[in-house]
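Asks: coordinates for the following, if possible.
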Amino acid sequence: MSAGRVVLDSYALLAFLRGEPGEEKVATLLERAGVRDEPVHMTEVNYAEVKYIVVRKGGKERWEEIAGELPALPIEFHPASRALAEVAADLKSRYKLSLADAFAAALAREKKAQLVTGDREFHALEKEIKITWLADT
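Replies: Numbering: from 1, shown residues only. Got it, this is the predicted structure:
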């Protein structure tokens, strides 16, 4: 998996942060992105999802630790622009996706990038965007 043109969804970043299955693939991807000075991409909507899951499951202190480490990672966060929201809404209207997942897919489409995930919701989009799975799904 190359580091160029990659979008992480919440599932991928959480796997990395929490040492879950797929952690090594994401770590390798982030390492390559840092070496090549080509950051991976993520929407701020997915960032919000990561934060609320970490706070809910690990508490505010755990989030503060993670928030302090995130700036060192080669991840470029993208705002939920109107154009991105249009694509996300279109995808959500046609597929059974969470709103955050729709934004991740929209960013992957916009960037012509592969989406890195382990979230089975994305199976329906395999003909629309390139997906790199963290594990056999």
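
Asks: quick one, phi psi at Leu73?
Replies: Note on Leu73: backbone dihedrals following degrees, to the nearest 10 are phi -80, psi 150.

Asks: likewise for Phe77?
Replies: According to degrees, to the nearest 10, Phe77 has phi -90, psi 140.

Asks: now do the same for it: its pLDDT.
Replies: Listed pLDDT for Phe77 reads 97.

Asks: quick one: contacts for the residue of the chain most remote from its centre?
Replies: Farthest-out residue of the chain from its mean C-alpha position, per C-alpha atoms, centre = their mean: Glu61, at 22.5 Å. By C-beta atoms under 8 Å, 6 or more residues apart in numbering, no residues touch Glu61. C-beta coordinates here come from the backbone N, C-alpha and C atoms, glycine included.

Asks: can you pull the pLDDT of it?
Replies: Confidence for Glu61, expressed as pLDDT, is 96.
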